[in-house]
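my questions are about this predicted structure, shown below with the sequence.
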Amino acid sequence: MKKYVHCSFIVFVIACQFGIAQEYVVTRIKHVNIRTNPSTGSFVVGQSMKGDIYEMIGEEGEWFVIKLFSENPRYINKCCALKLDDPITDRLGLPESSEQCESIYSSIQALKYRARREATELIPQNVDEELNMNMQQILEDMHILNLFEIYSLNPAVYPILIEKSVQNNW
């Protein structure tokens, strides 16, 4: 047992040092619906533009499971997107200006607050805390997705922006 724990720790350290290969999907048509569940009848969180790149966290039948800003799984139909096989680091860039990155980060924080406020107006926490949290995360994804469209940023750069905010103590 001790040997197993030691080996697991070594694998974890190596994975953290070198990074684990991340998979991405890219939308291949305009106005792709991003949904809360793998069904065309489920709620639409927002729409993706052609060429938007998302971190893929899995597949369910005819759906890609992607990660958006709230960290909840969201879904894009496979007929509207393709799995990327090539490295995409050259396609994932933040604005060069640190001031613009900080401004985008500040806008994200304001949008998270707005989502929390709007969710509480729709579904008070004391009525249904779980439903309130779910609504808050949907609204968060919707608002930040719109912000990224305004700045022409691929949603897959979100973790890079968050990392930069931590490094710069914004």
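Structure's in. What do you need?

from now on I want contacts and neighbour counts done on CA atoms only, so please keep to that.
Noted.

isn't there a strand covering Ile34?
Yes: counting by DSSP: H, G, I helix; E, B strand; the rest coil, Ile34 is located in a strand.

show me the contacts for Lys67.
For Lys67, the contacting residues are 54-57, 73-74, taking C-alpha atoms under 8 Å, 6 or more residues apart in numbering as the criterion.

now, which of those residues sits nearest Ile34?
Nearest to Ile34, judged by C-alpha to C-alpha, of the contacts of Lys67 is Arg74 at 6.4 Å.

now do the SS call for that closest one.
Once three-state DSSP is applied, Arg74 turns out strand.

look up how far Asp85 lies from it.
Counting by C-alpha to C-alpha, to the nearest Å, the separation of Arg74 from Asp85 is 21 Å.

show me where this protein has strands.
Using DSSP state E, the strands of the chain run over 23-27, 32-35, 44-48, 53-60, 63-67, 73-77, 81-84.

closest to Asn154 out of the ones you listed?
With distances scored as C-alpha to C-alpha, the stretch of the strands of the chain nearest to Asn154 is strand 53-60 (5.5 Å).
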